[in-house]
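Compute the structure for the input listed below.
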Amino acid sequence: MPTRQSRSILHLAYIRKATILQTMREYSKALEALQAASSADTTNAHAQEIQAQEFKIQQSLFSQRADETEEQTLERAMKDPEVAQIMGDPVMQQILQQAQGNPGALQDHMKNPVVRQKIMKLINAGIIKTR
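Next up, the predicted model:
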């Protein structure tokens, strides 16, 4: 079982990874690293730092994708094998169809950690819009 100190080190490692990925303009992967950092920060001692960096990355991501059409976004996102696998999953297709008719249903599905991870991947890829 990880100690408190190892969780803190893990948190710092994910923050550094996110910073490096942001510098490389790998914004989706940087957001995933920050999500892992947030999970490692069980006491929320670094939540403000994580949120601030996440905001900066989101801004960069939105700027990068500002001129993309929905078709271009889907084409770009589907180049990621993990996104393609999620989009091909019949259960996820059903969840996404349900969310189109009832956006609140997505919140219910987010309670399942596996589904939450997949939904976050689609949000980071730009397939699911949150704004």
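
the helices in the protein, which residues?
Counting by DSSP state H, the chain has helices at residues 4-23, 27-40, 47-64, 70-77, 81-88, 90-101, 103-109, 113-125.

quick one: buried residues of the last one?
The neighbour-count criterion (16 or more other CB atoms under 10 Å) identifies 115, 118-122, 124-125 as the buried residues of helix 113-125. (C-beta placed from N, C-alpha, C; glycine too.)

Save those as TSV, and put in pLDDT and distance to residue 47 too.
Shown next, in TSV, are the buried residues of helix 113-125 (pLDDT from 0 to 100; distance: CB to CB, whole Å):
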residue	pLDDT	distance to residue 47
115	91	23
118	91	23
119	90	21
120	87	17
121	89	21
122	89	23
124	84	19
125	87	24
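
which one of these is nearest residue 23?
Of all the buried residues of helix 113-125, the one sitting nearest residue 23 is residue 124; the distance, using CB to CB, is 17.3 Å.

Spit out the contact partners of the closest one.
27-28, 31-32, 61 (CB atoms under 8 Å, 6 or more residues apart in numbering).

next one: residue 35
residue 120.

State the distance from it to residue 66.
The gap separating residue 35 from residue 66 is 23 Å, by CB to CB, to the nearest Å.

Over to residue 50?
25 Å.

Neighbour count for the two, which is higher?
Legend: neighbour count by other CB atoms under 10 Å for residue 50 and residue 66, higher for residue 50 (21 against 7).

May I ask you to confirm that that one is in contact with residue 33?
No. Using CB atoms under 8 Å, residue 50 is not in contact with residue 33, being 10.0 Å away.

remind me which residues of this structure are low pLDDT?
1-8, 130-131 (pLDDT under 70).
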